[in-house]
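# attaching a predicted model along with its sequence, questions to come.
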Amino acid sequence: MRPFLLGAVLALCIGQSAQSAAVLTTYQNQQAFVDMRFGMFVHFNLGTFTDQEWATPNQNPLLFAPTAVNCAQWAAAAKSAGMTFAVLTTKHHDGFCLWPTQHQKKNTFGTYQNVMYSGFKQDVVKLYVDAFRAAGVTPCLYFSIWDRTEGIDSGSLDSGSITPAQMATITGQLTELLTSYGDIPFLMFDGWTWMTGRQQVAYQTIRDTVKALQPNCLIADHNGLTQPYEEDILNFEHFDVPSKNTFASTQGNKIYGSGWFWHTASFKSGAGNGGVKSASSIGSVLKNTTEPVWCNYLLDCPPDTNGVIESDITDVLKQVPNYWTPNLKRAVLPDPGVLLEYPVTPVAVTATSSAAGCRPYWAIDGHADWVSGAAVQKLWQSAAAPSAAAPQSVTLDLGSVYPNISLLEYMPSQARTTGNDITTVTGKAGFITTYTIYVSVDNKTFTKVASGTFAVDGSIKKVPFTPAAARYVKLEATGTSGGGPAVVDEIDVGRSNRGTTAVADMAGKSAVRAFCRVLASGKLLIESPGSFKYRLLSAAGRELFQGAGMNSAIALKNPNAGIYFIEVHGRDGIRTMKIFRN
């Protein structure tokens, strides 16, 4: 089912034209993102008007009734503080949408949970992106997967599932957001890893949808981890960014003492909840905590029921540049190495054995968080201790054969004594220490693709291997820390970023419309209206091969790693694009 969904998204993307002509690598996009450094989190939604952090679902949308929505004032406040980007809560956990979505079921009032049925019948997302772009501040978006009005809530994660109709709601809404409001370089998810999990709401489907529509859009998720897992940007909220962080990340924080949304009693004029942070404390966080470790400071500045950010906040923001300016001598973002660029979410999982009360499903449920000083997770554990003579294994069923699986990631337990310090991981008994990875297309004949040892620590273990066709991927444990039963928090698989492609448009003022992108198969797709010819050139300008197409063409050959130029000869001239293939 998922390949058909992706195909539909790709077709839509081709039909509507790309948002951006240049497709960059994940690392290039991460470097650009962390160079933004300081952003405004804008919590503004139904909860603003119901005095709730998590608005109750199915409330009357007419309750959303600001006297105005002054996004230009929000943008000016952000600009005055030296902020370069912002993130708007387009939909929070109750499901109310700040844009006129066409993907909702009727609420209990016989209408729909979006702005067109509210007391303010305007597209707030459009007002936001237009105002922030006009101010020179990059607009980004927040989107809650958890939607209690739509019933997108898998509860315990052990019962129930997300229906195809609910997945269509999620992908339909994401498609609206990523095709109607220009380039969105950063999309923050919530209510996913810690609520539905990333198996029931498949990470593969969500990532494929986002990347097909906007290849440069980076994905973050609220997941309580200290290292990225199934995301491009690591997000810190329940604890501070680690002092030794090397990952592209964000640090969420509130300008008030507590609460993300504006609340009448506790926030008015800064009363209660600790008041408003000082400009000096904001500058200190930027200078000493976030900026040195490639972490963007995302400071929540919630507008009130009049649709403005109150003066107690704006007065502080304009003072921040007195205490912080960007350190342009900061080193570049460390290379993240191998990444899971094309994930495949398993449809099922089996194990050689499971301890009493354990389910193999917990090894793929995609569930993680950190709340009240403790990791929230469910671990699979084998019934017996593994050995070379009697290994214990978990086998993932990918649902169909994929031609180029090349990476497996193993996450051990993330329980730790200190939220932002993975070196304090506890309960290491059962961490897999020696392993072998096998793949199969029929679940009968398995081929070994990798083997080795894992360090006994809380780090996520990445095992790249030569691309192989697989429907079934088996992680086999032959040894564990302490010699007891094997323990797994999460396993995921897919194709790595090795062999991906970035495209830079070199055409200048050429009138030819042409785009080039990489398909899931790794092949190059060239698109240009009408009949066209193309040439692939080496970095030195030597022709390697040529071809032709009508509206689109798949390159006849798949170039190896290196730098190339692709020259498209269309009806209105020539367009040249630079290809970075690693």
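All right, it came through fine.

# now do the same contact list for the residue nearest to Pro57 when sequence neighbours are not counted.
Nearest residue to Pro57, sequence neighbours excluded (C-beta to C-beta, 6 or more residues apart in numbering): Arg148, at 3.6 Å. Where you see a C-beta, it was placed from the backbone N, CA and C, and this is true even at glycine. With contact taken as C-beta atoms under 8 Å, 6 or more residues apart in numbering, Arg148 is in contact with 57-58, 93-95.

# can I get the buried part of these as one ChimeraX selection?
Here is the ChimeraX command that picks out the buried ones among these, judged by 16 or more other C-beta atoms under 10 Å:
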select :57,93,94,95
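
# gap between the closest residue to Phe41 other than its chain neighbours and Asp315?
Of all residues not flanking Phe41 in the chain, Asp300 sits nearest, at 3.9 Å (C-beta to C-beta, 6+ apart). For Asp300, the distance to Asp315 equals 17 Å [C-beta to C-beta, to the nearest Å].

# before we move on, back to that, now the contacts of Arg148 in a markdown table, with secondary structure and distance to Phe565?
Listed next are these as a markdown table, based on DSSP: H, G, I helix; E, B strand; the rest coil; distance: C-beta to C-beta, whole Å:
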| residue | secondary structure | distance to Phe565 |
| --- | --- | --- |
| Pro57 | coil | 53 |
| Asn58 | coil | 55 |
| His93 | coil | 47 |
| Asp94 | coil | 50 |
| Gly95 | coil | 47 |
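
# in the contacts of Arg148, find the pair that's most separated.
Pairwise distances across those peak at 12.4 Å for Asn58 and His93 (criterion: C-beta to C-beta).

# re the thing from before, let me know the closest of the contacts of Arg148 to Leu187.
The shortest distance between Leu187 and any of the contacts of Arg148, using C-beta to C-beta, involves His93 and amounts to 16.6 Å.

# which residues in the stretch 101-250 of the chain form helices?
When secondary structure is read from DSSP state H, counting those that start in this stretch, the stretch 101-250 of the chain shows helices at 124-134, 164-180, 203-213.

# with distance to Asp232, mean pLDDT and mean neighbour count added, can I get those helices in a markdown table?
Converted to a markdown table, the helices of the stretch 101-250 of the chain look like this (distance: least, C-beta to C-beta, whole Å; pLDDT from 0 to 100; neighbours: other C-beta atoms under 10 Å):
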| stretch | distance to Asp232 | mean pLDDT | mean neighbour count |
| --- | --- | --- | --- |
| helix 124-134 | 21 | 98 | 20 |
| helix 164-180 | 15 | 95 | 19 |
| helix 203-213 | 9 | 93 | 24 |
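
# ok, which of the ones you listed comes nearest Phe186?
The minimum distance between Phe186 and the helices of the stretch 101-250 of the chain falls on helix 203-213, with 10.8 Å, by C-beta to C-beta.

# export that closest one as CSV, just CAs?
Listed in CSV are the C-alpha atoms of helix 203-213, where the atom choice follows Å, rounded to 0.1, in the frame of the first residue of the first chain:
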residue,chain,number,x,y,z
TYR,A,203,7.9,6.9,9.4
GLN,A,204,8.5,5.6,5.8
THR,A,205,5.2,7.0,4.6
ILE,A,206,5.5,10.4,6.4
ARG,A,207,9.1,10.9,5.3
ASP,A,208,8.4,9.8,1.7
THR,A,209,5.5,12.3,1.6
VAL,A,210,7.5,15.2,2.9
LYS,A,211,10.6,14.5,0.8
ALA,A,212,8.6,13.9,-2.4
LEU,A,213,6.9,17.3,-2.0
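
# returning to that earlier point: would you convert the helices of the stretch 101-250 of the chain into TSV that also reports distance to Thr576?
Converted to TSV, the helices of the stretch 101-250 of the chain look like this (distance: least, C-beta to C-beta, whole Å):
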stretch	distance to Thr576
helix 124-134	28
helix 164-180	27
helix 203-213	24
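
# tell me which of the ones you listed lies nearest to Asp369.
Ranked by C-beta to C-beta, the member of those that lies closest to Asp369 is helix 203-213, at 15.6 Å.

# helices or strands next to that closest one in the packing?
When contacts are defined as 3 or more C-beta pairs under 8 Å, 6 or more residues apart in numbering; DSSP states H and E, helix 203-213 packs onto helix 2-16, helix 164-180, strand 218-221, strand 340-344.

# 10 Å instead?
Counting by 3 or more C-beta pairs under 10 Å, 6 or more residues apart in numbering; DSSP states H and E, the packing neighbours recorded for helix 203-213 are helix 2-16, helix 164-180, strand 186-190, strand 218-221, strand 340-344, strand 490-496, strand 515-518.

# between those, which one is closest to Phe565.
With C-beta to C-beta as the measure, strand 515-518 is the member of the helices and strands packed on helix 203-213 nearest Phe565 (10.5 Å).

# mind listing what's buried along the next helix-or-strand element following the closest one?
In the C-terminal direction, the helix or strand that comes right after strand 515-518 (DSSP states H and E) is strand 524-538. By neighbour count on 16+ other C-beta under 10 Å, the buried set for strand 524-538 is 524-528, 532, 534-537.

# which one of these is nearest Ala135?
Out of the buried residues of strand 524-538, the one with the shortest distance to Ala135 is Glu527. That distance is 33.2 Å, counting by C-beta to C-beta.

# what are the bridge partners for that closest one, then?
Per DSSP bridges, residues listed as beta-bridge partners of Glu527: Phe515, Ser552.

# and the gap between the most centrally placed residue in the chain and Arg575?
Centroid check for the chain by C-alpha atoms, centre = their mean gives Ile219 as the closest residue, at 2.0 Å. As for Ile219, its distance to Arg575 is 29 Å (criterion: C-beta to C-beta).

# same question, Gln546
Relative to Arg575, Gln546 is positioned 15 Å away (criterion: C-beta to C-beta).

# give me the more crowded residue out of these two.
Arg575 (25 against 14; other C-beta atoms under 10 Å).

# hang on, the more buried one packs against Lys533?
No: contact between Arg575 and Lys533 fails when scored by C-beta atoms under 10 Å: they sit 11.8 Å apart.

# what is in contact with these two at once?
By C-beta atoms under 10 Å, 6 or more residues apart in numbering, Arg575 and Lys533 have these common neighbours: 567-569.

# most neighbours among those, which one?
Note: the member of the shared contacts of Arg575 and Lys533 with the most neighbours is Val568, at 25 neighbours, neighbours being other C-beta under 10 Å.

# my guess is that residue contacts Ser531. True?
No: at 11.3 Å, Val568 does not count as touching Ser531 under the criterion of C-beta under 10 Å.

# what do those two both touch?
In the contact map built from C-beta under 10 Å, 6+ apart, the residues linked to both Val568 and Ser531 are Gly549.

# how close does Gly573 sit to Gly307?
Gly573 is 47 Å from Gly307, where distance means C-beta to C-beta.

# low-confidence regions, the chain specifically.
With pLDDT under 70 as the threshold, the chain has low-confidence stretches at 1-21, 155-160, 257-258, 265-274, 499-514, 518-522, 539-541, 560-563, 572, 578-582.

# alright, I will stop here.
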